[in-house]
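Engineer: give me coordinates for this.
(chains A and B)
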2 protein chains.
Amino acid sequence: MTEFKYELIAQDGNARRGRIHTAHGVINTPVFMPVGTVGSVKALKPQDVRAMGADIILGNTYHLFLRPGPDLVEKMGGLHEFMNWEHPILTDSAGFQIYSLAHRNKVTEEGCTFHSHIDGSKQFISAEISTQTQHKLDATITMAFDECTKKEITYLNAKKSWELTERWAKRSRAAFVKRPGYGQFGIVQGANYNDLREESAKSLVDMDFEGYAIGGYLFEEQKCDGKMFDDVVSFTTELLPTNKPRYVMGAGYPSDIIRAVGMGVDMFDCVLPTRNARNGQMFTSEGTLNIRNARHKESDLPLDPKCSCDTCQNYSRAYLHHLFKTGEILGLILLSQHNIAFYLNMMKQLRTAIEQGNYASVAKEMLETYR
Amino acid sequence: MTEFKYELIAQDGNARRGRIHTAHGVINTPVFMPVGTVGSVKALKPQDVRAMGADIILGNTYHLFLRPGPDLVEKMGGLHEFMNWEHPILTDSAGFQIYSLAHRNKVTEEGCTFHSHIDGSKQFISAEISTQTQHKLDATITMAFDECTKKEITYLNAKKSWELTERWAKRSRAAFVKRPGYGQFGIVQGANYNDLREESAKSLVDMDFEGYAIGGYLFEEQKCDGKMFDDVVSFTTELLPTNKPRYVMGAGYPSDIIRAVGMGVDMFDCVLPTRNARNGQMFTSEGTLNIRNARHKESDLPLDPKCSCDTCQNYSRAYLHHLFKTGEILGLILLSQHNIAFYLNMMKQLRTAIEQGNYASVAKEMLETYR
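Structural biologist: Presented below is the predicted three-dimensional model:
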């Protein structure tokens, strides 16, 4: 039986090259987790996601809780079996989506009452329900249930919110069914108040989670401010144990990830590569471009001359522009594929740089052009 | 240099097992050609279409004429290069789509004036323009330009229409640039009037095309009446040379194809597998089913227990139902993939049956359950 364990292989400055051993295989870190919201990484077959180098994907507990529901997924053998992805899966706690997607949500000591964004039905999720749902999904990594707060929040409200999240973290930890090779992460909150982040980190470390996330609305969904992000991430990372993985939730642009890796963060997820691809917004080693733009209409260049993905090896910008303009599904497939490949290849380059001890120069070069 | 040539390998009754040698590779017949309307087989990567066993795909001249235009495709190295499909491609003549899709079309001796279904712009296609467009697309098989008539048509109108199509066929043949391994097919018209079909076939055979199609609105787009289809196909096939491929355009349901193969037809195309998949309508060895149906919600069965495609090997009906209900693009991919695999596997089974001399019994068994 594989024990859930973080293994440090190399370090370069604060940047860490590691391996997380899990029941579903090894995760090479620093890692980017493509987001498979309702049990599919949008527009991509799981075997293609794997072939591009993904070690782990993320599933959204909020979405899967609503459709198709944890009981059905459990009956079908868990999310791995259901979606044909035998490798590690991390599920979030639903806290962020209840805040950002659901309607009329009400937070009490017990948990969150909200109305589904799909059909308006009244729903309730608590620390116990979130944790049990993730158990039924058979998540390799379960996240503790947290309250997500506004980006702009007063110290007093941030403190109250953290104290509630702390009680929920204890309840989440108690509800977690320990199994070999499975882990549960606590989520450090506290907005951009250092003393709250410190209190939060210490308290969670005492609960002895298998890993720690840095959460908060300021990080998720591309809402982040670069300076605040760097300040909070660098401050919080220093408070976390070195023998456990560290995860910044919902970040972000390639440049955010590169900087955070330099501060010692191991794990990332973001919807940007797939969501932006569906709008034609492409990440390349030369910066971003939008394939809808008329200047690509007759271009026989690949999206990114430095990329080895199927899209860049086999299709011109002119063809991708044509597919996008004609609304062909294949356009969404090929564009999503490139953006995911871009993120995964970037992580691979960062891992190699750490191993070779030249992280600073590789990161500096990337940051000159990457968005 | 490969010459364009039909090679008969085996015959079982009227059913023929053959090979068409072309500049872009061998086509094993009887063959089904997945439809790649605007330069993409909808929702599928070309390498996946190839891996499922497709020898040739079809491109729609009407759509490609409008977007992205033949000059751009030619500039990008032809349709093979543009869409990353190095194998044979057949392009239709645009005649059927001008009739079925375009607005306010006007037919004169010179050609068809019509308004684009996309932006209403006024367009003109003649026998020469259709043939030159297909040349620019670099079609392995070019179709002669034809007039498509209503399903219900008087003898007199069918006769006039055929006579126009005959003059267009001569002009198409004259405009065709002969190259080794490339071919041009004439299209037999004449509605369901045997003497017109006979006159049409004889005239086209005199023009010495590399192959012959049986066309007409009564065959295309699932509008066909089974008895009329069988009567016209069996009557017309008898009139065509045995040393050239025979193609029934736009047909059809699996059962139509099975019967037509039994009459000696070699080539088929139809949008049914991909279009129906996008509506959840699936073809299986047990008949059709709609994946949207609530009875599939908790089913751990594959779509088709006899199918070896990726979709049937790796995903349950419950998962496919979930993807369809949540509007995930992966649902369209996996469903399209199965329907195309179903058609291609059926053709493979028919080819094997002809080789083994048991076509009649294999066809009979399929016709008991296949729609």
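
Engineer: could you use CA atoms for every contact and neighbour count after this?
Structural biologist: OK.

Engineer: now the element after the lengthiest helix in chain A, going C-ward?
Structural biologist: Among all segments of chain A classified by DSSP state H, the helix with the greatest residue count is helix A:329-356. Of the helices and strands lying after helix A:329-356 in sequence (DSSP states H and E), the nearest is helix A:359-369.

Engineer: got a list of contacts for that next one?
Structural biologist: A:12, A:15, A:255, A:258, A:259, A:262, A:285, A:286, A:287, A:350, A:353 (C-alpha atoms under 8 Å, 6 or more residues apart in numbering or on different chains).

Engineer: between the residues you listed, which is nearest residue A:80?
Structural biologist: Closest approach between the contacts of helix A:359-369 and residue A:80, by C-alpha to C-alpha: residue A:350, at 27.7 Å.

Engineer: report the contact partners of the closest one.
Structural biologist: If a contact means C-alpha under 8 Å, 6+ apart, then residue A:350 has A:30, A:258, A:359, A:362, A:363 as its contacts.

Engineer: residue B:119: which of the residues you listed is nearest?
Structural biologist: Of all the contacts of residue A:350, the one with the least separation from residue B:119 (C-alpha to C-alpha) is residue A:258, at 44.9 Å.

Engineer: that closest one: neighbour count?
Structural biologist: If you count neighbours by other C-alpha atoms under 10 Å in any protein chain shown, residue A:258 ends up with 25.

Engineer: helix A:329-356 and the helix or strand encompassing it, what's the angle between them?
Structural biologist: Using DSSP H and E, the secondary-structure element containing residue A:258 is helix A:254-262. Angle between the axes of helix A:254-262 and helix A:329-356 is 30 degrees (criterion: axes from the mean of the first three to the mean of the last three C-alpha atoms, to 10 degrees).

Engineer: does anything pack onto helix A:254-262? Which helices or strands?
Structural biologist: Helix A:254-262 sits against strand A:15-22, helix A:226-237, helix A:359-369, with contacts defined as 3 or more C-alpha pairs under 8 Å, 6 or more residues apart in numbering or on different chains; DSSP states H and E.

Engineer: I'd like to know which elements the helix or strand that the first one is followed by is packed against.
Structural biologist: Past strand A:15-22, heading to the C-terminal end, the next element that is a helix or strand (DSSP H and E) is strand A:25-29. In this structure, strand A:25-29 packs against strand A:15-22, with contacts taken as 3+ C-alpha pairs under 8 Å, 6+ apart.

Engineer: helices or strands next to the strand it packs on in the packing?
Structural biologist: Packed against strand A:15-22 by the contact rule (3+ C-alpha pairs under 8 Å, 6+ apart) you find strand A:5-12, strand A:25-29, helix A:254-262, helix A:329-356.

Engineer: the ones you listed into a markdown table, with extra columns for distance to residue B:48 and mean pLDDT?
Structural biologist: What follows is the helices and strands packed on strand A:15-22, written out as a markdown table (distance: least, C-alpha to C-alpha, whole Å; pLDDT from 0 to 100):
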| stretch | distance to residue B:48 | mean pLDDT |
| --- | --- | --- |
| strand A:5-12 | 37 | 98 |
| strand A:25-29 | 27 | 98 |
| helix A:254-262 | 30 | 96 |
| helix A:329-356 | 12 | 98 |
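
Engineer: nearest to residue B:64, of these?
Structural biologist: Of all those, it is helix A:329-356 that lies closest to residue B:64, at 15.9 Å by C-alpha to C-alpha.

Engineer: domain assignment for chain A?
Structural biologist: As assigned by automatic domain parsing, chain A contains the domains A:5-270, A:285-338.

Engineer: contacts for stretch A:143-160, please.
Structural biologist: Stretch A:143-160 is contacted by residues A:90-96, A:99, A:126-127, A:130-131, A:161-162, A:164-165, A:168-169, A:172-173, A:184-187, A:190-191, A:193, A:196, A:216-218 when judged by C-alpha under 8 Å, 6+ apart.

Engineer: now, which of these lie within strands?
Structural biologist: The strands in this structure, assigned by DSSP state E, contain A:90, A:91, A:126, A:184, A:185, A:186, A:187 from those.

Engineer: hmm, residue A:247 is touching residue A:266, no?
Structural biologist: Yes. With contacts counted by C-alpha atoms under 8 Å, residue A:247 reaches residue A:266, the gap being 5.8 Å.

Engineer: residues in contact with stretch A:228-239?
Structural biologist: Residues from elsewhere that reach stretch A:228-239, judged by C-alpha under 8 Å, 6+ apart: A:192, A:194, A:197-198, A:201-202, A:214, A:218-219, A:246, A:248, A:259-260, A:263-265.

Engineer: could you list the buried residues of it?
Structural biologist: The neighbour-count check on stretch A:228-239 (16 or more other C-alpha atoms under 10 Å in any protein chain shown) flags A:229, A:230, A:232, A:233, A:234, A:235, A:236, A:237 as buried.

Engineer: which residue lies farthest from the center of chain A?
Structural biologist: residue A:298 (35.8 Å; C-alpha atoms, centre = their mean).

Engineer: so which bits of the stretch 1-150 of chain A are right by chain B?
Structural biologist: Neighbours of chain B within the stretch 1-150 of chain A, by C-alpha under 8 Å from any C-alpha of the partner chain: A:38, A:40, A:42-45, A:67-68, A:72, A:76, A:82-84.
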